[in-house]
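Chemist: Please find the sequence and the predicted model below.
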Amino acid sequence: MTEHFPPGLMISAPASGTGKTTVMLGLLRALAEDGLRVQPFKSGPDYIDPAFHRAACGRASFNLDTWSMGPGLFGAIAAQAQGADICVAEGSMGLFDGVATQGFSGFGSSAETAGKMGWPVVLVIDVGGQAQSAAATALGFARYDPDCHVAGVILNRVASPRHERLTRLGMERAGVPVLGALPRRGDLTLPERHLGLIQAVEHPDLEAAIAGYAAFLRDHVDLAALRALAKGNAQMAAGALPKPPAQRIALAQDAAFSFTYPHVLKGWRGAGAEILPFSPLADEAPDPSADLVWLPGGYPELHAGRIASAERFLTGLRAHAESRPVHGECGGYMVLGAGLVDKEGTRHAMAGLLGLVTSYEKRKLHLGYRRAVLEGPMPGHAPGTCLRGHEFHYSTILAQPDAPLAHVADADGTAVPETGSRRGHVTGTFFHLIAAEAS
């Protein structure tokens, strides 16, 4: 099936930390306030930003990823833009930064996503500590890849009118259009923790923050020029979203269990699966009629004491595991284990359905794409299936005594020790599943 898409833009930057997320949220809200139906996307494997996007424009945001998604899935996710007037995507890291060095469909950069969709790139440049020299950065990005069209820049953290004038002179000399200049303001940063931004539901006053970003952009960015730049491919082949692993799925959903990719849940619901949400932090047990219990990732290390004392949740989870499948991803996997050591060094007993013991006492970053070949069955997937996903956590494995779930490798094909585990009806992985490879 071939789909036609509305025009779009990619909001990217030379590096992380330049302010592109606040620009993205302000732009989404401003365009929505102007009466446009805005479809947000996130380039790359991020499960926090899409919730902020939805809060900004009222429309569900989806990840597009050139490494982990084949053309059919990529097209199916892009097709969620049907009915929108404009697409706005937020890049990850720097524009050309790909986590992978060996491609599936690609290497995972925002430039690749923009290229596949035919979107021009708007580069958000932090000009703090420089003026005309920022133009050299912009010019380098504009010329680095002839297949990637950098349509203009937004200058961020401008110190003064003189600073703006000098920086604009440099951009004029380089032939790079300036679409806006944002004065330096200390109140425009979003709260963060070790995996990036805090979750949207945790922001103390998210609505006021987004409204402020939109007003700020209206004052300092040429929104009409931005809209006029939007372009896109006329068509793309669309396949199917992921199929559900069961008919009735009890899904943990609260501040400790919230990292699920929107396209996965959209595919489950679209195929007729019933999602039965429950909150372990509220000591709710999974629905006893569920065919499958799924524990997503999140921040269990921040709530380990509450989880350890949630008797109804743990009793219900253990009862389900006696006869039906339970699966956990990253934080959910840790909760299925025997114990979790928090950053203070206190060990908390977890569900004990797997022997896994993890610790946050000594933080170690685990980050990157993962390709997993299943050695045992996992809900919805038979042994031998190749899965694509992404791992991002700071925990250390102290014990992992159960049978490995899969042979897991990074994007270079190098094996990693986070193989996942299986015992009886229970499985778990450190990576968050994005897609199964097409056979």
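Modeler: Yep, it's here. Numbers count the residues shown, from 1 in each chain.
Chemist: for residue 324, helix, strand, or coil?
Modeler: Following DSSP: H, G, I helix; E, B strand; the rest coil, we place residue 324 in the coil state.
Chemist: from what I can see it touches residue 425, true?
Modeler: Yes. With contact defined as C-beta atoms under 8 Å, residue 324 reaches residue 425; the gap is 6.0 Å. (Glycine included, C-beta is placed from N, CA and C.)
Chemist: residue contacts, residue 113?
Modeler: 10, 41, 43, 44, 64, 65, 66, 89, 91, 119 (C-beta atoms under 8 Å, 6 or more residues apart in numbering).
Chemist: If we use 6 Å, what do you get?
Modeler: 43, 64, 66 (C-beta atoms under 6 Å, 6 or more residues apart in numbering).
Chemist: Nearest to residue 218 among those residues?
Modeler: residue 43 (25.1 Å; C-beta to C-beta).
Chemist: what sits against the closest one?
Modeler: So residue 43 contacts 64, 89, 91, 92, 110, 113 (C-beta under 6 Å, 6+ apart).
Chemist: cutoff 10 Å now
Modeler: If you count contacts by C-beta atoms under 10 Å, 6 or more residues apart in numbering, residue 43 has them with 10-12, 49, 63-66, 89-93, 95, 108-114, 117, 119.
Chemist: With residue 11 as the reference, measure out to it.
Modeler: 10 Å (C-beta to C-beta, to the nearest Å).
Chemist: list residues touching both of those two?
Modeler: 89, 90, 91, 110, 114, 119.
Chemist: Could you check the pLDDT of the last one?
Modeler: It refers to residue 119. Note for residue 119: predicted pLDDT of 97.
Chemist: in which helix or strand would I find the most far-flung residue of the chain relative to its centre?
Modeler: Distance from the C-alpha centroid of the chain peaks at residue 162, with 37.9 Å (C-alpha atoms, centre = their mean). Using DSSP states H and E, residue 162 sits in helix 161-174.
Chemist: now residue 115
Modeler: Counting by DSSP H and E, the element that carries residue 115 is helix 110-117.
Chemist: How is this structure divided into domains?
Modeler: Split into domains by automatic domain parsing, the chain comes to 2-237, 248-436.
Chemist: Between its first and last residues, how far does the last one reach?
Modeler: The first and last residues of domain 248-436 sit 21 Å apart, counting by C-alpha to C-alpha, to the nearest Å.
Chemist: Ok, stretch 411-419 next?
Modeler: Using C-alpha to C-alpha, the end-to-end distance of stretch 411-419 comes to 15 Å.
Chemist: which residue ranges form the helices in the protein?
Modeler: Ranges of helices within the chain are 20-33, 49-57, 71-78, 110-117, 133-144, 161-174, 206-220, 223-229, 262-270, 304-308, 311-321, 331-336, based on DSSP state H.
Chemist: circling back to that earlier point, averaging pLDDT over each of the domains of the chain, which comes out lowest?
Modeler: Lowest mean pLDDT of those: domain 2-237, a mean of 91.
Chemist: For residue 426, give its distance to residue 410.
Modeler: Taking C-beta to C-beta, one finds residue 426 at 25 Å from residue 410.
Chemist: what's the answer for residue 218, then?
Modeler: For residue 218, the distance to residue 410 - C-beta to C-beta - is 43 Å.
Chemist: for residue 232, same thing?
Modeler: 32 Å.
Chemist: Then residue 246?
Modeler: Remark: distance between residue 246 and residue 410 (C-beta to C-beta) = 29 Å.
Chemist: Residue 86 now?
Modeler: Separation of residue 86 from residue 410 (C-beta to C-beta): 36 Å.
Chemist: How about residue 99?
Modeler: In terms of C-beta to C-beta, residue 99 sits 9 Å off from residue 410.
Chemist: one step back: now for residue 324 and residue 425: what residues contact both?
Modeler: Joint contacts of residue 324 and residue 425 (C-beta under 10 Å, 6+ apart) are 292, 293, 379.
Chemist: Which of these sits closest to residue 343?
Modeler: residue 293 (27.3 Å).
Chemist: Could you pull up the residues touching that closest one?
Modeler: 246, 249-252, 276, 278, 285-287, 316-317, 320-321, 324-328, 332, 336, 379, 425-426.
Chemist: got the phi/psi numbers for the residue nearest to the spatial centre of the chain?
Modeler: In the chain, the residue lying closest to the centroid (C-alpha atoms, centre = their mean) is residue 46, at 1.3 Å. Note on residue 46: backbone dihedrals following degrees, to the nearest 10 are phi -120, psi 130.
Chemist: sorry, back to before: if you count what's nearby, which of residue 232 and residue 410 comes out ahead?
Modeler: residue 232 (21 against 18; other C-beta atoms under 10 Å).
Chemist: Hmm, that one is touching residue 88, no?
Modeler: No. Residue 232 lies out of contact with residue 88 (C-beta atoms under 10 Å); the separation is 11.4 Å.
Chemist: Mutual contacts of the two, please.
Modeler: Joint contacts of residue 232 and residue 88 (C-beta under 10 Å, 6+ apart) are 8, 9, 119.
Chemist: Please name the nearest non-neighbouring residue to the first one.
Modeler: Yep, that's residue 8 we're talking about. Closest residue in space to residue 8, ignoring its immediate chain neighbours: residue 87 at 3.0 Å, by C-beta to C-beta, 6 or more residues apart in numbering.
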